[in-house]
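Colleague: Predicted model, plus sequence, below.
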Amino acid sequence: MFKPFEYLRPKSITEAVELGVTYGSEAQYMAGGTDVLVNLKNKPQKALKFIITLRYVNDQLNYIKLEDRYLKIGALTTHRDLEKSALIQREYQVLHDAVSQVGSVQIRNVATIGGNICSSLPSADTASPLLVLGAQLKIMGQDGEKVVALEDFYLGHAQNILNKGDILTEIIIPPKKSYAAGKYYKLGRRGAMELPLVGAAVYLVMDKNLDLCLDARVALTTAAPVPLPAKKAAQELVGKPISPDNLTKAGKIAVQEASPRTSLRTTAAYRREVLPVLVRRAGLEAYERIKQNRN
């Protein structure tokens, strides 16, 4: 049963910020509602007095566009819109890997990328791909706009830097480099509609001959209290050929950076066991994508 709450309908981002500032911890913003409504039902002890819907500012925060080679995604863009975008399919395959695996089609039709980020859960599928893409977040608050790196956004399990009244408005991804691609793998008990038991995203930038890795990024899902950039693992790949052995070494280093826990879905030991495998598979697939794109 839902406890009674007041449903507020701001018509602008500024009005939404003002309502968030006014009602503070008694209120919560709602985009697609796939997380908020479940929490309202399952956690009545944390019932809110106000729900501030962002539905009526959807036209201001729902877009996928390139500006000066930067990819800009409105925070209210749904996973389904990203999944169907030819630009995302062609140029940002690592992100497409994630958005095409979030829940069911019905969920992806309403769940937003901004909501997935702001949930700040280590199981959020889009977080690792966005981390390896070097994403930044534009946030509107009572003091105006600011831009922060995604890796600086998370503070802990289900915790982030958003202050009272802050709204994530846009995700910004830097220009894509030549001879670069990524891959996201997640492992679950079934192929769809499930939170990842563990996941890994790998992004590679190669030299023009595809002999040496010039830059690499690795990020892990459900392997720490927050979505985790595995920087030491990524550094292990730089200046070397991409091979199963080198990727396995990077995967083992990633395990050392991780701090997985045992949960109802699986054990910490299992997550540690499979992480190197996911890093190797993701890295090999990213490398294959670079070769395919070059051809």
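Modeller: It's in.
Colleague: Output the longest helix belonging to this protein.
Modeller: helix 268-294 (DSSP state H).
Colleague: For Leu168, which three-state class applies?
Modeller: strand (DSSP: H, G, I helix; E, B strand; the rest coil).
Colleague: tell me the contacts of it?
Modeller: Each residue near Leu168 by CB atoms under 8 Å, 6 or more residues apart in numbering is listed here: 75, 114, 117-118, 137-139, 162. Every residue, glycine included, has its C-beta placed from N, CA and C.
Colleague: Could you provide these in TSV, with additional columns for pLDDT, neighbour count and secondary structure?
Modeller: Output for the contacts of Leu168, formatted as TSV (pLDDT from 0 to 100; neighbours: other CB atoms under 10 Å; DSSP: H, G, I helix; E, B strand; the rest coil):
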residue	pLDDT	neighbour count	secondary structure
Ala75	97	27	coil
Gly114	96	27	helix
Ile117	96	23	helix
Cys118	94	22	helix
Leu137	98	24	strand
Lys138	98	17	strand
Ile139	98	21	strand
Leu162	97	18	coil
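Colleague: between the residues you listed, which is closest to Pro276?
Modeller: Pro276 lies nearest to Ile117 out of those, by CB to CB, at 26.8 Å.
Colleague: quick revisit: name the nearest of the contacts of Leu168 relative to Ser243.
Modeller: Among the contacts of Leu168, and counting by CB to CB, the member closest to Ser243 is Ile117, at 33.4 Å.
Colleague: quick one: the closest one from Met206, how far?
Modeller: 29 Å (CB to CB, to the nearest Å).
Colleague: likewise Asp166?
Modeller: Asp166 is 38 Å from Met206, by CB to CB.
Colleague: Comparing these two, which residue is more hemmed in?
Modeller: Counted by other CB atoms under 10 Å, Asp166 and Met206 do not tie: Met206 has more neighbours, with 24 against 20.
Colleague: Who are the contact partners of that one?
Modeller: 179-180, 212-214, 242, 287, 290.
Colleague: Same check on Asn62?
Modeller: Applying CB under 8 Å, 6+ apart, the residues contacting Asn62 are 74, 76-78, 81.
Colleague: Same list (these) but as JSON lines, adding secondary structure, distance to Ala158 and pLDDT.
Modeller: Shown next, in JSON lines, are the contacts of Asn62 (DSSP: H, G, I helix; E, B strand; the rest coil; distance: CB to CB, whole Å; pLDDT from 0 to 100):
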{"residue": "Gly74", "secondary structure": "strand", "distance to Ala158": "23", "pLDDT": "98"}
{"residue": "Leu76", "secondary structure": "coil", "distance to Ala158": "21", "pLDDT": "97"}
{"residue": "Thr77", "secondary structure": "coil", "distance to Ala158": "22", "pLDDT": "97"}
{"residue": "Thr78", "secondary structure": "strand", "distance to Ala158": "22", "pLDDT": "96"}
{"residue": "Asp81", "secondary structure": "helix", "distance to Ala158": "25", "pLDDT": "97"}
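Colleague: Now the buried members of the residues you listed.
Modeller: 74, 76-78, 81 (16 or more other CB atoms under 10 Å).
Colleague: can you list those in CSV and add distance to Thr248?
Modeller: What follows is the buried ones among the contacts of Asn62, written out as CSV (distance: CB to CB, whole Å):
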residue, distance to Thr248
Gly74, 39
Leu76, 40
Thr77, 36
Thr78, 37
Asp81, 36
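Colleague: Relative to Ile107, which of those residues is nearest.
Modeller: Thr78 (9.5 Å).
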